[in-house]
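**Student:** can you look at this prediction? I've put the sequence above it.
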Amino acid sequence: MKVCCSLVMCFCLTACWDLVEVNQMAIVNFIGMDINPEEGGSTFYYHIVNPSGIAAQKTSGINAPVYTFRVSSKLATEVPSKLLDSIPKRPFFDHSEAMVVTERAARKGIVDQLNFMEKQRDRQSTINMLVTDSPLSDFMQIYTTLERLPGNNVRTIIENQSMESGEASYRSRIKDVVENLDTNTLIVLPLVSVSGSRESSTTQRYEHMDANEGSFILRGGALIKQGAMIGKLSAYEMPFYNLLNGEIKMLHQIVHLNEGHVDLWLKDILVKKNLVQKSGHPVINIQIKAKVHIDGNTQETKLTADNLDLIITQLSKQVVERSNQLYEKTKAKHWDIMGIEEMISRKRGSTRKKPMEGKGKWEQTELAVSVHFVIQTFGNTLDPYKSGDVDG
């Protein structure tokens, strides 16, 4: 009897009603967006993964790891249906790795595109967002080396640079832009270009040894305020932007001393930021602590205790000067890179001193940077090797 009941119950069970086979999906890895100044509307590029192109190649020849599909429309809401006009599979956006927009689109503003993406059921607000100053048609036709999926490639570059050098910020996701649309806080998105001029839109790319030609390269950062780009920071300036905002893991500096130079890595960086009033003017105090590791040394002088003190003194002076230079430059362009205006707005009415009020008050804010560095390691040798004079 129990067996019969079990069989009847098994026949009553239904299969998965919304099952979709993997080979029926068009897995989107990378998304690109540009505006159409003449016709109006936008153009979207989609990298669709070709599974046979990323699997181990057992046959002769190299298959394309992704295919690029382009869709143009005056309305963002028409893009999904137009995409289906050319793709014989169901688009699957859950595995998207990054989204790139052109500089001209970013400067005009990307609020409409962000609103459209937020309405999608399968939106990925945690993917990286970046800006390119290269033509989008070139950017989305690149086959990348080592990491063959371009979306994964550019995401890894951003992650590595945010961890290793500070040339990119980890706060560069779509959600970071969306969360600050109604504030004056600036977000810095990675600015990425296409390097070289060699054709990289065919799989012959993988037969060339020179990987620098026709690849992605990080150029700096694009400043975004309320969904629109207002300026750029160079790759040289990005580490100090992240340092002043406490969003950096390591910082590389070169100190020139005694007819040579010392390569230094700042690690375990701790940054404290505090806004106060002095003589009726706002002052933002930045306290920086870090452990210093000597990575290279070409000084003519031996590495003594006095020389180490000199290195720390010169390093401290250099970090303070470059921090002030960046702050003064961006303040002159009305770029509030440290979110001082938002900090002042939170201070209003919450202090016994005269409230920090008035439009543009943040531009009167003085920057005071203090540093405390401790040298931790010297490398395997205390002093660099020297070649001696040999007679004969």
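**Tutor:** Arrived safely. Numbers count the residues shown, from 1 in each chain.
**Student:** show me where the protein has its strands.
**Tutor:** Counting by DSSP state E, the chain has strands at residues 25-35, 42-49, 66-73, 90-92, 98-102, 128-132, 187-195, 215-225, 228-234, 251-257, 260-278, 281-297, 366-377.
**Student:** and of those, who's closest to residue 314?
**Tutor:** Residue 314 sits nearest to strand 251-257 of all these, at 4.8 Å, using Cβ to Cβ. Where C-beta positions appear, they are placed from N, C-alpha and C, glycine not excepted.
**Student:** residue 254: neighbouring residues, count only.
**Tutor:** 12 (other Cβ atoms under 10 Å).
**Student:** find the nearest non-adjacent residue to it, please.
**Tutor:** residue 261 (5.3 Å; Cβ to Cβ, 6 or more residues apart in numbering).
**Student:** try residue 270
**Tutor:** Spatial nearest neighbour of residue 270, chain neighbours left out: residue 289 (4.5 Å); criterion: Cβ to Cβ, 6+ apart.
**Student:** so what pairs up with that neighbour in the strands?
**Tutor:** residue 270, residue 372 (DSSP bridges).
**Student:** equivalent analysis for residue 254, please.
**Tutor:** Under the criterion used here (DSSP bridges), residue 254 is bridged to residue 263.
**Student:** for residue 177, see how far away it is.
**Tutor:** Plainly put, residue 254 is 34 Å away from residue 177 if you go by Cβ to Cβ, to the nearest Å.
**Student:** need the distance between the two termini of stretch 82-95.
**Tutor:** 20 Å (Cα to Cα, to the nearest Å).
**Student:** next, the buried residues of it.
**Tutor:** Neighbour-count burial for stretch 82-95 flags 83, 87, 91, 92, 93, 95 (criterion: 16 or more other Cβ atoms under 10 Å).
**Student:** nearest to residue 101 among those residues?
**Tutor:** For the buried residues of stretch 82-95, the nearest to residue 101 is residue 93 (16.4 Å; Cβ to Cβ).
**Student:** right, and that closest one touches residue 30 too?
**Tutor:** No - checked against Cβ atoms under 8 Å, the pair residue 93 and residue 30 is beyond contact range at 11.0 Å.
**Student:** any chance of the strands of the chain in JSON lines with mean pLDDT and distance to residue 142 as columns?
**Tutor:** Output for the strands of the chain, formatted as JSON lines (pLDDT from 0 to 100; distance: least, Cβ to Cβ, whole Å):
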{"stretch": "strand 25-35", "mean pLDDT": "91", "distance to residue 142": "10"}
{"stretch": "strand 42-49", "mean pLDDT": "92", "distance to residue 142": "10"}
{"stretch": "strand 66-73", "mean pLDDT": "90", "distance to residue 142": "10"}
{"stretch": "strand 90-92", "mean pLDDT": "85", "distance to residue 142": "21"}
{"stretch": "strand 98-102", "mean pLDDT": "94", "distance to residue 142": "11"}
{"stretch": "strand 128-132", "mean pLDDT": "94", "distance to residue 142": "11"}
{"stretch": "strand 187-195", "mean pLDDT": "93", "distance to residue 142": "6"}
{"stretch": "strand 215-225", "mean pLDDT": "93", "distance to residue 142": "7"}
{"stretch": "strand 228-234", "mean pLDDT": "96", "distance to residue 142": "22"}
{"stretch": "strand 251-257", "mean pLDDT": "94", "distance to residue 142": "28"}
{"stretch": "strand 260-278", "mean pLDDT": "93", "distance to residue 142": "32"}
{"stretch": "strand 281-297", "mean pLDDT": "93", "distance to residue 142": "33"}
{"stretch": "strand 366-377", "mean pLDDT": "93", "distance to residue 142": "39"}
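**Student:** wait, isn't residue 184 in contact with residue 224?
**Tutor:** No - using Cβ under 8 Å as the test, residue 184 is too far from residue 224 to be in contact (11.7 Å).
**Student:** neighbour count winner among the two?
**Tutor:** Per other Cβ under 10 Å, whichever of residue 184 and residue 224 has more neighbours is residue 224, with 26 against 15.
**Student:** from residue 188, how far off is that one?
**Tutor:** Distance from residue 224 to residue 188, by Cβ to Cβ: 7 Å.
**Student:** the longest helix along the chain vs strand 251-257, what angle?
**Tutor:** Counting residues, the longest helix found in the chain (DSSP state H) is helix 305-332. Angle, helix 305-332 to strand 251-257, by axes from the mean of the first three to the mean of the last three Cα atoms, to 10 degrees: 120 degrees.
**Student:** tell me the mean pLDDT for helix 305-332?
**Tutor:** The average pLDDT within helix 305-332 is 96.
**Student:** the residue nearest to residue 314 when sequence neighbours are not counted and residue 129, how far apart?
**Tutor:** Nearest non-adjacent residue to residue 314, counting by Cβ to Cβ, 6+ apart: residue 255, 4.8 Å away. For residue 255, the distance to residue 129 equals 35 Å [Cβ to Cβ].
**Student:** could you do residue 168 as well?
**Tutor:** In terms of Cβ to Cβ, residue 168 sits 12 Å off from residue 129.
**Student:** ok, now residue 182?
**Tutor:** In terms of Cβ to Cβ, residue 182 sits 18 Å off from residue 129.
**Student:** settle it for me: which of the two has more neighbours?
**Tutor:** Counted by other Cβ under 10 Å, residue 182 and residue 129 do not tie: residue 129 has more neighbours, with 27 against 9.
**Student:** burial count for residue 297?
**Tutor:** There are 24 residues near residue 297, going by other Cβ under 10 Å.
**Student:** quick check, it in contact with residue 264.
**Tutor:** No - between residue 297 and residue 264 there is no contact under Cβ under 8 Å: 9.5 Å.
**Student:** let me know how buried residue 210 is, in neighbour terms.
**Tutor:** 10.
**Student:** again with the one 4 residues further on
**Tutor:** Residue 214 is flanked by 22 other residues according to other Cβ under 10 Å.
**Student:** quick one on the thing from earlier: ok, and for the longest helix of the chain, which residues are buried?
**Tutor:** Buried-residue list, helix 305-332, by 16+ other Cβ under 10 Å: 307, 310-312, 314-316, 318-320, 322-323, 326-327, 330-331.
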